[in-house]
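1. Provide a 3D model corresponding to the input given below.
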Amino acid sequence: MHMSKKRALVTGSCGLIGSEVCIHFYRAGYEILGVDNNQRAVFFGPEGDTSWSLRRLRDEISGYEHHGIDIRDRAGVLRLLEDTRPTIIIHTAAQPSHDRAAQIVFDDFDTNAGGTVNLLEAARRYTPESPFIHMSTNKVYGDGPNRIPLIEEETRWDYADPELKHGIPESFSIDQSLHSVFGASKVASDVMVQEYGRYFGMPTCSLRGGCLTGPNHSGVELHGFLSYLVRCNMIGKEYKIFGYKGKQVRDNIHSEDVARFMLAFARNPRCGEVYNLGGGYENSCSILEAFELTAQFTGRKQVWTYVESNRIGDHICYYSDLRKMKAHYPEWRITKTLKETIAEIATSWSSRLANI
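-> Residues are numbered from 1 along each chain as shown. So this is what the prediction gives:
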């Protein structure tokens, strides 16, 4: 038993959000237990490999304890929670690509839905008082946001309804829409996290992320929009725009601001909550706008081509309404602007590409 100190168990610890959370919670006085089996390299090939991130965690976190188990391994997850009894569980592990999911349906569902249930039930049995934070996705809303009337501006789409000037609220329906296979598996995990909070009274929340990004992202074409876009710009690689004239809008949130919200929730948890965790309107951009912003930092024009057909279930315009988060946790706010985030990503890629 290890109950003397605050201990954070972070799944997907070598990914963008997981690694940021590990370092953030370590600096806040937590012992860190990481769970990651580098499945990202299996899903996305060598470009998705996160071995470099594990080396960074071991360098930067004193006493970092790594567990290379697969969250689909039910017995392994139960044993891990029984042995370690963490004081908080932050679940960021996932099969994260809605394009890839259709090709690996069993792997996707077993990881996203089954893996989450394994962790929830292990938490209920062995450490039910510990806050359980789940990294969900805005893809749980499916293509519902695409039925919102839009206006077309010069470089982006936007909502025509002034009621939505702050973005998509948590009350937006997740039902009767096209999600992609990935979106559906994440709906299952999102609802189970809520259910364990409401039915069993456990301190849980689902964070429905917008575009989560930052300098430590291993962006690839099928996942990690901003990181991948900046990398393409810097190496002169062709970037493919899939439909919507390149005016599709995303709100981008820096991984540090994600970790800061998780720490705020850990200090004052609630049961069965849902939050839309994105950059909000201020940190939103279209692909065309991202090209321009990136060029400001790299001095390079983006090489790109246009594919008429959009990705299935892809949002034309999506940015998060952050008012509920700010009402529940008024000390939390966005600290990294979109320009600062892109500058950090460019600097990071510059050093990583130099070492290849």
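2. where do the strands sit along the stretch 201-350 of the chain?
-> Using DSSP state E, counting those that start in this stretch, the strands of the stretch 201-350 of the chain run over residues 204-209, 211-213, 239-242, 249-254, 273-277, 284-286, 304-307.
3. Give me the helices and strands touching the last one, please.
-> Think strand 304-307. When contacts are defined as 3 or more C-beta pairs under 8 Å, 6 or more residues apart in numbering; DSSP states H and E, strand 304-307 sits against strand 239-242. Every C-beta, even on glycine, is put in place using the N, C-alpha and C of the backbone.
4. got a list of contacts for the strand it packs on?
-> For strand 239-242, contacts defined as C-beta atoms under 8 Å, 6 or more residues apart in numbering pick out 221, 228-229, 232-233, 287, 291, 302-307, 309-311, 314.
5. what is the mean pLDDT for that strand?
-> Per-residue pLDDT over strand 239-242 has a mean of 95.
6. cool, and stretch 134-142?
-> Stretch 134-142 comes out with an average pLDDT of 95.
7. Which positions in it come out as buried?
-> The neighbour-count check on stretch 134-142 (16 or more other C-beta atoms under 10 Å) flags H134, M135, S136, T137, N138, K139, V140, Y141, G142 as buried.
8. who's in contact with that stretch?
-> 12, 17, 90-92, 94, 98, 116, 168, 172-174, 177-180, 182-183, 186-187, 189-190, 193, 204-210, 212, 274, 276, 278, 313, 315, 318, 320.
9. contacting residues for F265?
-> So F265 contacts P131, I133, C205, Y329 (C-beta under 8 Å, 6+ apart).
10. quick one: the last one and N268 touch, right?
-> Yes - distance between Y329 and N268: 7.1 Å, which falls inside the contact criterion (C-beta atoms under 8 Å).
11. Buried residues, stretch 241-248. List them.
-> Here stretch 241-248 shows I241, F242, Y244, K245, G246, K247, Q248 as buried, counting by 16+ other C-beta under 10 Å.
12. Tell me where the protein has helices.
-> For the chain, applying DSSP state H gives helices covering 16-27, 39-44, 51-60, 74-84, 105-109, 115-126, 181-200, 225-235, 255-267, 287-298, 323-328, 338-354.
13. right, and those helices - which one's nearest N216?
-> helix 16-27 (5.7 Å; C-beta to C-beta).
14. what ranges of the stretch 101-250 of the chain fall below the confidence cut-off?
-> Along the stretch 101-250 of the chain, segments meeting pLDDT under 70 span 218-220, 222-223.
15. change it to 90
-> 180, 210, 214-225 (pLDDT under 90).
16. gap between the closest residue to S350 other than its chain neighbours and A354?
-> Leaving out its chain neighbours, the residue that sits closest to S350 by C-beta to C-beta, 6 or more residues apart in numbering is M234, at 6.9 Å. Separation of M234 from A354 (C-beta to C-beta, to the nearest Å): 11 Å.
17. More neighbours: those two, which one.
-> M234 (18 against 7; other C-beta atoms under 10 Å).
18. ok, now which ones touch that one?
-> T298, R300, A346, W349, S350, L353.
19. Repeat that for D110.
-> For D110, the contacting residues are R72, by C-beta under 8 Å, 6+ apart.
20. again, 10 Å this time
-> Shown in contact with D110 (C-beta atoms under 10 Å, 6 or more residues apart in numbering): D70, I71, R72, Q95, I104, N118, S185.
21. number of nearby residues for the fifth one?
-> I104: 17 surrounding residues under other C-beta under 10 Å.
22. And the third one, by the same measure?
-> A count of neighbours around R72, defined by other C-beta under 10 Å, yields 18.
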